[in-house]
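S.K.: Sequence below, structure please.
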Amino acid sequence: MATSDRFDLAVEGLIEVGAPGAAIAVLRNGEFIHRKAYGLADLEWGAALRPDCSFRIASLSKQFAATAIMRLAEQGALSIDDRLETHLPAFDPRGRIVTLRHLLNHTSGIRNHDRGQERRADRVSISRENLITEILAAPFDFEPGEQYLYCNSGYMLLGAVIEAVSGQDFETFLKVAFFEPLGMMRTSLCLADAIIPLRARGYVRGRSGYHNARPDPTNWSHAAGGLCSTLDDLAIWDRALRDGRAIGRDSFEQMIEPTPLADGTLYPYGFGWGTATYQSRRLHHHTGGTIGFACQMARLTDEALTTIVLSNVYLFPFDRVTRALLRVAMDLPPVVAEGRPATADDFAPCAGRYRDDRGAEIVIGAEPADPARYTALGEGRFRETMDPEVELRFSDRREGRYHALQTLSPLWPAQSFVRHGP
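M.R.: Numbering: from 1, shown residues only. Here you go, the predicted structure:
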């Protein structure tokens, strides 16, 4: 049976005394069965986090933008299969067909404006209007519909479409359509200069301890990741989606369907929601991460069970916590690490840099403590000791070294990497 003490175990050892932390909620049938905060909201004042603190929710904002598009579609103001230039005439498709659907499910091929670190200084200086102009003129990375590539630029454009079609700015549309009617009075754009009651300060952990996160201006993310919210408001939102009060149930079902690609495969992402199966149960979820904050919201599709994790520290292990909360709520035992402790010899043929086809990189063996983080399952297979649902599988061994790596985690598609360097 799920108890508060068992839910507490999900964060045990993850939040230090005197450090930032997280606010966590579990809802069943629309009611909280756990609602608690851990850690500090402000290290300088020593102020504790509260369950009603406000957090930057980063890419959890995408579900609100996607739901707004679906609301406008229900009203007949647009179709999700409209071409982008129908609503944003400044867009030159250059012989391609880019629809709102492509933006919603990250298959547009439009280049992501915030990939890499090279434009970090632009975040403060560039206006949203100029950023939209740049995005509309950017080159394509692939033909629309051919593949999935997570793209904040697509959701920036969706925000601009919402404004063009509704005649209201993005935040006002959300407020009038959703926040005010539902009673979500503490969800808004997370402007740096706004007075937001009980706003948690964001932190990053460096080698010498925690430090204040640099403010990440909302103009850079806006409809793709610019909202602040609370456990209580997200709980209201969850109930409204399940009850069909935000948008109709048929519209929401479209949002959580996986995306068909041009080659006939399905990618596990809909409109602002990822899709997965966990413990034989359908699940949809989304994460958010920006400098100083990390979060995840997960919902069993066919059962009234929802988890919400909001953290004020960058790279907080929300996915691990989410799965632990789900297991407690489903009355399942914790996952126990299999195998024997890994050794340096086990990792010797694995050590090196690995990169996937989108530029993401994993470094294995860079720290002496690396092997202690894993248990060895057999030739080239390891599980994380602290999160034994996550597995590393090395293959293609040549001249004493592995050249391929696949990472597996229950809520995510497998990721494949190839050796990039020593």
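S.K.: what's the following helix or strand after the lengthiest strand in the chain?
M.R.: If you go by DSSP state E, the chain has its longest strand at strand 281-290. Downstream of strand 281-290, the next assigned helix or strand under DSSP states H and E is strand 293-300.
S.K.: How many residues are close by the closest residue to D387 other than its chain neighbours?
M.R.: Once flanking residues are discounted, D387 sits nearest to R320: 4.6 Å by Cβ to Cβ, 6 or more residues apart in numbering. Every residue, glycine included, has its C-beta placed from N, CA and C. A total of 20 residues lie near R320 under the criterion other Cβ atoms under 10 Å.
S.K.: packing partners for the host helix or strand of H420?
M.R.: According to DSSP H and E, H420 maps onto strand 415-421. When contacts are defined as 3 or more Cβ pairs under 8 Å, 6 or more residues apart in numbering; DSSP states H and E, strand 415-421 packs onto strand 352-355, strand 361-364, strand 401-408.
S.K.: tell me, which of those strands is the model least confident about?
M.R.: Sorting these by mean pLDDT places strand 361-364 lowest, at a mean of 89.
S.K.: Next one: the most centrally placed residue in the chain from K62, what distance?
M.R.: Taking Cα atoms, centre = their mean, the centroid of the chain lies closest to T287, which sits 2.0 Å from it. Plainly put, T287 is 10 Å away from K62 if you go by Cβ to Cβ, to the nearest Å.
S.K.: So which residues of the chain form helices?
M.R.: In the chain, the helices defined using DSSP state H lie at 4-8, 61-74, 84-87, 100-104, 122-125, 128-137, 152-166, 170-174, 180-182, 231-243, 249-255, 318-329, 344-347.
S.K.: In terms of mean pLDDT, which of those helices ranks lowest?
M.R.: Lowest mean pLDDT within the helices of the chain: helix 122-125, a mean of 75.
S.K.: tell me which residues in that helix are buried?
M.R.: Neighbour counts over helix 122-125 (16 or more other Cβ atoms under 10 Å) mark R123 as buried.
S.K.: How about stretch 370-384?
M.R.: Buried residues in stretch 370-384, counted by 16+ other Cβ under 10 Å: 370-371, 373-377, 380-384.
S.K.: Just give me the closest of those residues to E44.
M.R.: R373 (31.9 Å; Cβ to Cβ).
S.K.: Show me which of the buried residues of stretch 370-384 is closest to R393.
M.R.: The closest of these to R393 turns out to be R381 (Cβ to Cβ; 5.4 Å).
S.K.: Do I have it right that L377 meets E338?
M.R.: Yes: counting by Cβ atoms under 8 Å, L377 does reach E338; the two are 6.2 Å apart.
S.K.: any residues in contact with both of these two?
M.R.: R383 (Cβ atoms under 8 Å, 6 or more residues apart in numbering).
S.K.: coming back round to it: and the gap between the residue nearest to D387 and D169?
M.R.: Taken as Cβ to Cβ, the span from R320 to D169 is 37 Å.
S.K.: And for A192?
M.R.: Taking Cβ to Cβ, one finds A192 at 18 Å from D169.
S.K.: If you count surrounding residues, which of the two has more?
M.R.: D169 (13 against 10).
S.K.: Let's see the pLDDT reported for the more buried one.
M.R.: D169 is assigned 97 on the pLDDT scale.
S.K.: how about low-confidence regions in this protein?
M.R.: 1-2, 116-121, 366-369 (pLDDT under 70).
S.K.: what number of residues lie near P197?
M.R.: 9.
S.K.: Equivalent analysis for the one 3 residues further on, please.
M.R.: Using other Cβ under 10 Å, A200 is surrounded by 30 other residues.
S.K.: So it sits against P51, correct?
M.R.: No: A200 is not in contact with P51 according to Cβ under 8 Å; the separation is 11.3 Å.
S.K.: Domains in this protein, by residue range?
M.R.: Domains of the chain are assigned by automatic domain parsing as 56-329, 340-421.
S.K.: for those, which one sits closest to I15?
M.R.: Closest among these, once you apply Cβ to Cβ, is domain 56-329, at 8.6 Å.
S.K.: what separates the closest one from the chain centre, distance-wise?
M.R.: For domain 56-329, the separation from the chain centroid amounts to 8 Å (computed by Cα atoms, centre = their mean, to the nearest Å).
S.K.: can you tell me which residues contact the nearest residue to T343 once chain neighbours are set aside?
M.R.: Using Cβ to Cβ, 6+ apart and skipping the chain neighbours, the partner closest in space to T343 is P371 (5.6 Å). Neighbouring residues of P371 by Cβ under 8 Å, 6+ apart: 341-344, 346-347.
S.K.: try 7 Å this time
M.R.: 342-344, 346-347 (Cβ atoms under 7 Å, 6 or more residues apart in numbering).
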